[in-house]
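Participant: Predicted coordinates and the sequence they were generated for:
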Amino acid sequence: MAFFKKKECGKDYPKDTVILHQFPRGPYAPSMSGFCIKLETFLRMANIPYQNVHAYKTGPKGKSPWIEYNGDVMADSQLIMSFLSDKLEIDLDKTLSKEQRATARAFQKMVDEYTYWSVLLERWVYHRGESCKTITKLPSLVVWEIGRRTKNMAYAHGIGRHTQQEVDLNLEADLTALSDFLGDKKFMFGDEPTEVDCAIFGQVSQVKYHVPDAVKAKQFLKDCVPNLDAYCERMKERFWPDWDECVTNGFTKEATK
Amino acid sequence: MFFTIAVVCVILALATFGFYYYKYRIANKIQAPKDVVVLYQVGRGPRAPSFSPFPMKLETFLRMAKIPYINDHAARFSSKGKTPWIEVNGQAIPDSQFAIEFIKKKFGVDSNINLSEDDKAVARAFLKLTEENLYWTMCIEMFGDNLEPVKTVIPYRGFKLWLTVTLLRRALAKQTWGHGIGRHSKDEVWDVAMQDMNALSSFLGSKKFLMGDEPSEVDCAVFGMIAQIYWHMPGSRHQVYLKENLSNLVDYINRMKERFWPDWENVTLEGTGYRSDHGELHVPEQMKKLNGLSDFSRENGKG
């Protein structure tokens, strides 16, 4: 029965091509997940051939994105990026010193392990109602369940124990730190992008495009850290010239890529 | 009959809860003078002032910022269900990082005063790497299959030790799963830990402190965390790797220890001069002349 047949590399999908499993396209950015945007931006930055499979199916660690590559299944965006960099002998950070690489890692951890959670709480817990009206078409029962799970996981993480005001302030502090470090550079470490730009763009794009207007950080990004806002535009232009084909434009059309 | 048993059980449960709530939240609370911070934390650690990184971070910060404070080692938990936390003039501030922000505003202190905006941004990033990433790898390492090492660090005995380790292990399994890092294999987690430690070491380089020649706020957090690896993770991969490969980090934590903890031997359980400082006022040198404060520790008594 085809339903149970395991997919074969070279037959069901091409060799040496990353099969990127991720959520369906978002309304205003290519994904509602900062990690999916991070990984796909990385693949584009590193010129790694890939093809998308858009579905809500999660990978072996219960999360998305995940990939298949020449018969191997892998989960976790950062582990995938390390794996592909090793396998294909790619180093997007080759111009960075040891100290800069360390700093890049620190910023990647900040956005992926902290900023991410603030955005999740803003979207699915504090402003769930507004999210339902503006950035998701999922049924309210599903959104309620997402909110419940988010709350539990955020509580386990620790950040969920804070008040909404504390989370708001922390999110602004993260954006301020990114803006201060970026300064008037084009990308985080100079005129050319490096690997950490994928992670930062991934998470900050969620603040820019995929939280309701009531979220203070959204306006903060525009008004108080405009260099970070401009950076997002720069990353979008550089790696996503087909942006309009990768969004549903507020659910008014199908994304064609 | 069953109804009566159920009612009795509920009453007993409520009474037990009430007793422990009273004992751990209310009884024998230290009455601190005005503008003296009460620092609520668990008891001292065997080879470092705490067996948790967050009390060490907070207490090191208080010393760095020269704020007078009193320790409450009765393991009272905050309204957020965690420890450490502080109380100032009756106002409770849970969470170590929010406590630091509160103290900075209230007392007008700033350990980051010599840092540029760029440096402060980098410091925040390393704070998050240390507390939101490296920390969890340490929990996974210590509360894995072999619990014997962690039992030599948590300074309880018998049933209390067993209960603490069991509850912590269960809580950490849930927390690391929710966080995400608990979904990785042990080897993947170890790789993350190694890269985090390498990043800290590479960034520190030959500097005296993380951001330069003088310590700043982030040093409290990094010191608190690496001190746990060095002193309180016996035989772990973290400790072995740190000692064998990252000598600049080892020198760094000893530098922080000498600078802010000259009384280290008095505040570690296996120290040569250990004595309990529960209820004792810690006053920065220059404040000892302040009226009334230097006599406080003798009058207040230790709980």
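Facilitator: Perfect, thanks for sending it.

Participant: Could you pull up phi and psi at residue 225?
Facilitator: Defaulting to chain A. phi -130, psi 60 (degrees, to the nearest 10).

Participant: Switch to chain B, please.
Facilitator: Dihedral angles (degrees, to the nearest 10) for B:M225: phi -80, psi -50.

Participant: Now do A:A255, the pLDDT please.
Facilitator: pLDDT recorded at A:A255 is 86.

Participant: Now do the same contact list for A:D16.
Facilitator: By C-beta atoms under 8 Å, 6 or more residues apart in numbering or on different chains, the contact list for A:D16 reads A:49, A:70. Every residue, glycine included, has its C-beta placed from N, CA and C.

Participant: So A:Y50 sits against A:T17, correct?
Facilitator: Yes: look at A:Y50 against A:T17 with C-beta atoms under 8 Å: they come within range, at 6.2 Å.

Participant: how many other residues sit next to A:F23?
Facilitator: 18 (other C-beta atoms under 10 Å in any protein chain shown).

Participant: let me fix that: A:R238
Facilitator: 17.

Participant: quick one, phi/psi of the residue nearest to B:L168 when sequence neighbours are not counted?
Facilitator: Leaving aside its sequence neighbours, B:L168 sits nearest to B:F143 (C-beta to C-beta, 6 or more residues apart in numbering or on different chains; 6.5 Å). With angles defined as degrees, to the nearest 10, B:F143 sits at phi -110, psi 30.

Participant: what's around B:F143, how many residues?
Facilitator: Considering only other C-beta under 10 Å, B:F143 is surrounded by 18 other residues.

Participant: quick one: it from B:T83, how far?
Facilitator: 17 Å (C-beta to C-beta, to the nearest Å).

Participant: Could you do B:L62 as well?
Facilitator: When B:L62 is compared with B:T83 (using C-beta to C-beta), they lie 15 Å apart.

Participant: Tell me which of these two has more neighbours.
Facilitator: For B:L62 and B:T83, the more surrounded residue by other C-beta under 10 Å is B:L62, and the numbers stand at 25 against 21.

Participant: Quick check: which element contains that one?
Facilitator: helix B:53-64 (DSSP states H and E).

Participant: Contacts made by that helix with the rest, please.
Facilitator: B:37, B:39, B:41-42, B:48-50, B:69, B:71, B:83-84, B:86, B:96, B:99-100, B:103, B:111, B:131, B:135, B:215, B:217, B:219-221, B:223-225, B:227-228, B:256, B:260-261, B:282, B:284.

Participant: out of the residues you listed, which are buried?
Facilitator: B:37, B:39, B:41-42, B:48-50, B:69, B:71, B:83-84, B:86, B:96, B:99-100, B:103, B:111, B:131, B:135, B:215, B:217, B:219-221, B:223-225, B:227-228, B:256, B:260-261, B:282 (16 or more other C-beta atoms under 10 Å in any protein chain shown).

Participant: could you show me where the strands are in the chain, in order?
Facilitator: Using chain A here. For chain A, applying DSSP state E gives strands covering A:18-22, A:50-54, A:66-69, A:72-75.

Participant: not what I meant, chain B
Facilitator: B:37-40, B:69-72, B:85-88, B:91-94, B:281-282.
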